[in-house]
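A.B. asks: I would like to see how this sequence folds:
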Amino acid sequence: MMRWPFNTLRVQLVLLVVAALAAAQIISLWLFVDERSLAIRAAFGFEAAGRAANVARLIDEAPPDLHASILRAANSPLVRFDMSDKPIVTHTGHSDGGLVEARVRALLGDTYSRDIRVELHQIEGQILPLPHLSEEMAEMHMAMMRGELSAVEMNLSIAISGGQWLNVGTRFERPPLQWPLFSTLTFALTAAVLLIVVFWFLLSRLTGPLQRLVKAADALGRGEDVADLPMSGPKEVRDLTTAFNRMQDRLTRYVADRTRLLAALGHDLRSPLTALRVRAEMVEEAETRDSLVTSIEEMQTMVDATLTFARGLTGSEEAVEVDVGEFLSTLRIDMVEQFELETGASIHALVRPSAFRRALRNVIENAVRYGKSARVSYTVRKSDLLIFVDDSGPGIRATELERVFDPFYRLEESRSLETGGHGLGLAIARTIIRAHGGDISLANLEESGVRASIAIPLAGDAIQGEEE
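C.D. replies: Okay, here's the model as predicted:
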């Protein structure tokens, strides 16, 4: 089963860093281009204003027959000069805030007497280069601007002595958005350095300790011996590791104390039961003697079963990887009660063989005893091994499906051990299965019978299965 790569902390943090870096780079580039555009416009505007002021001064000082020559000399592909009786700017307001007018007045040395009018407006839509450019220069201009022309046009009218007006027109384009090679290399280098640092931090300082913690927690849940985890990573991860080690130590002490208590209890109970058995054998009346011996043996069996249930039958048995099909086939040969086995594909699971065999045996014996037969099958769902044990009995009331796992609870109401047992079989089976990190449940089949579903994590997939 394929795992989705974007649900891991490592990938999400890397994507977050790259996205933040890219967003910062794009914003910086946009601000840079916008400031560059403003700077270019200001430079062109002030340059045109300076030329207009110089031409106006020359015309004021030169004789009228030289005016045409001055205008021809001042004209350029970017700035046009013309003399007229009427100004091309008819209004007196200034859309630029008066900056160009102030520039012109400062160069002319004129404070308020001369009439100077300025008009700035944006040219929208697809436009062509300046109409007075040559064909060759127009093509070069279009290529430089990448065919995306967005311009600001400035018209300037300056009153000249004699009642005439010096009209000036110019246009300067907004430069297109460009991503220079240097910016690309800078972004790539910065991203590479950040990713190296992030990967080093995540691998060695964050995700490494977290992965070890997840594996240790899963192993502890299976009942395996887990050594104390080393302290590494950020403070929060170290605190989590410390809490896990403390919890593991407490659980280990608790289980050990309970096991010693149960062992002492079993030993102490066996002594008086043995004494009672000896005294019962001394009873002369056969019927009374047999009744006492039977009761004492039943008590001894119940004590042994209780201790077995409390210990969970796990003990210190090492977990090994087994082939489920072969494991069930061997169990089928060894058991007195026969059951049908549906074999399938080769599946491997990590189990404690003796304990797992006891759990399966209890479930199958329970199916044969109360359901008259047992059919065993197995499959894989996501990352779990599923073993189904079906019987053909009358079924169980819905209110009893969970209660049958309680210790000493029996559906069979007689007190006979032959027909009802001790009521510990399913309880022991659930204890063992849960010690393997799985669980067991019962459900009525549609037609008749009961299905016992046993689920345990597959070998090596206990942790990955939770992520998928």
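A.B. asks: Show me how far stretch 370-380 is from its chain's centre.
C.D. replies: Remark: stretch 370-380 is offset 39 Å from the chain centroid, using CA atoms, centre = their mean, to the nearest Å.
A.B. asks: got a list of contacts for it?
C.D. replies: By CB atoms under 8 Å, 6 or more residues apart in numbering, the list of residues contacting stretch 370-380 from outside reads 324-325, 328, 332, 337, 339-342, 344, 347, 364, 367-368, 385-393, 411-412, 449-450, 458. Glycine gets a C-beta too; all of them are placed from N, C-alpha and C.
A.B. asks: Tabulate the CA atom coordinates of it in CSV.
C.D. replies: Provided in CSV are the C-alpha atoms of stretch 370-380 (Å, rounded to 0.1, in the frame of the first residue of the first chain):
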residue,chain,number,x,y,z
TYR,A,370,-20.7,-23.7,21.4
GLY,A,371,-21.0,-23.4,17.6
LYS,A,372,-20.4,-27.1,16.8
SER,A,373,-17.8,-26.3,14.2
ALA,A,374,-15.0,-23.8,13.3
ARG,A,375,-13.9,-22.4,10.0
VAL,A,376,-10.6,-20.4,10.0
SER,A,377,-9.6,-17.9,7.3
TYR,A,378,-7.1,-15.0,7.2
THR,A,379,-6.4,-12.0,5.1
VAL,A,380,-4.7,-8.6,5.2
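A.B. asks: can you tell me the average pLDDT over it?
C.D. replies: For stretch 370-380, mean pLDDT is 91.
A.B. asks: And that stretch, what's buried?
C.D. replies: Tyr370, Gly371, Ala374, Arg375, Val376, Ser377, Tyr378, Val380 (16 or more other CB atoms under 10 Å).
A.B. asks: now the contacts of stretch 370-380: which count as buried?
C.D. replies: 324-325, 328, 332, 339, 341, 347, 364, 367-368, 385-387, 389-393, 449-450, 458.
A.B. asks: I'd like the next helix or strand past the strand or helix carrying Arg260.
C.D. replies: Assigned by DSSP states H and E, Arg260 belongs to helix 235-281. Reading on from helix 235-281 to the C-terminus, the next helix or strand found by DSSP H and E is helix 286-311.
A.B. asks: which strands and helices sit next to that following helix?
C.D. replies: Secondary-structure packing of helix 286-311 (3 or more CB pairs under 8 Å, 6 or more residues apart in numbering; DSSP states H and E): helix 235-281, helix 425-435.
A.B. asks: quick one, the longest one and helix 286-311 angle?
C.D. replies: Per axes from the mean of the first three to the mean of the last three CA atoms, to 10 degrees, the angle that helix 235-281 makes with helix 286-311 is 170 degrees.
A.B. asks: for the shortest one, same thing?
C.D. replies: Going by the same axes, to 10 degrees, helix 425-435 is angled at 20 degrees with respect to helix 286-311.
A.B. asks: pLDDT on helix 425-435, on average?
C.D. replies: 85.
A.B. asks: where does Gly163 fall, phi/psi-wise?
C.D. replies: Per-residue torsions, Gly163: phi 90, psi 10 (degrees, to the nearest 10).
A.B. asks: what's the nearest residue to it if we skip its chain neighbours?
C.D. replies: Among residues not flanking Gly163 along the chain, Asp85 sits closest, at 7.1 Å (CB to CB, 6 or more residues apart in numbering).
A.B. asks: What of Leu166?
C.D. replies: Excluding the flanking residues, the one nearest Leu166 by CB to CB, 6+ apart is Ile158, at 4.5 Å.
A.B. asks: and the chain, what are its domains?
C.D. replies: According to automatic domain parsing, the chain comprises the domains 7-173, 216-311, 316-467.
A.B. asks: could I get these as TSV with distance to Ile196?
C.D. replies: Output for those, formatted as TSV (distance: least, CB to CB, whole Å):
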stretch	distance to Ile196
domain 7-173	11
domain 216-311	18
domain 316-467	25
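A.B. asks: Of those domains, which is nearest Val197?
C.D. replies: domain 7-173 (9.1 Å; CB to CB).
A.B. asks: Give the rounded mean pLDDT of that closest one.
C.D. replies: 73.
A.B. asks: which regions of the stretch 251-400 of the chain lie under the pLDDT threshold?
C.D. replies: Counting by pLDDT under 70, the ranges of the stretch 251-400 of the chain that qualify are 259, 262-263, 266-267, 305-316.
A.B. asks: any idea which helix or strand carries Phe81?
C.D. replies: Assigned by DSSP H and E, Phe81 falls in strand 79-84.
A.B. asks: What pairs with that strand, parallel or antiparallel?
C.D. replies: Its sheet considered, strand 79-84 pairs with strand 164-173 (antiparallel) by DSSP bridges.
A.B. asks: I'd say the residue nearest to Gly163 and Gly162 touch.
C.D. replies: No: in this structure, Asp85 is not within contact of Gly162 by CB atoms under 8 Å, at 9.9 Å.
A.B. asks: who's more crowded, the two?
C.D. replies: Using other CB atoms under 10 Å as the criterion, Asp85 and Gly162 rank with Gly162 on top: 11 against 8.
A.B. asks: What residue, apart from its backbone neighbours, is nearest the more buried one spatially?
C.D. replies: Pro64 (7.9 Å).
A.B. asks: Count residues in the vicinity of that neighbour, would you?
C.D. replies: Counted with other CB under 10 Å, the neighbours of Pro64 add up to 10.
A.B. asks: I'd like the distance between it and Met83.
C.D. replies: 10 Å (CB to CB, to the nearest Å).
A.B. asks: And for Asn366, nearest residue in space, chain neighbours not counted?
C.D. replies: Nearest non-adjacent residue to Asn366 (CB to CB, 6+ apart): Gly425, at 5.3 Å.
A.B. asks: any idea how far that neighbour is from Gln211?
C.D. replies: Taken as CB to CB, the span from Gly425 to Gln211 is 38 Å.
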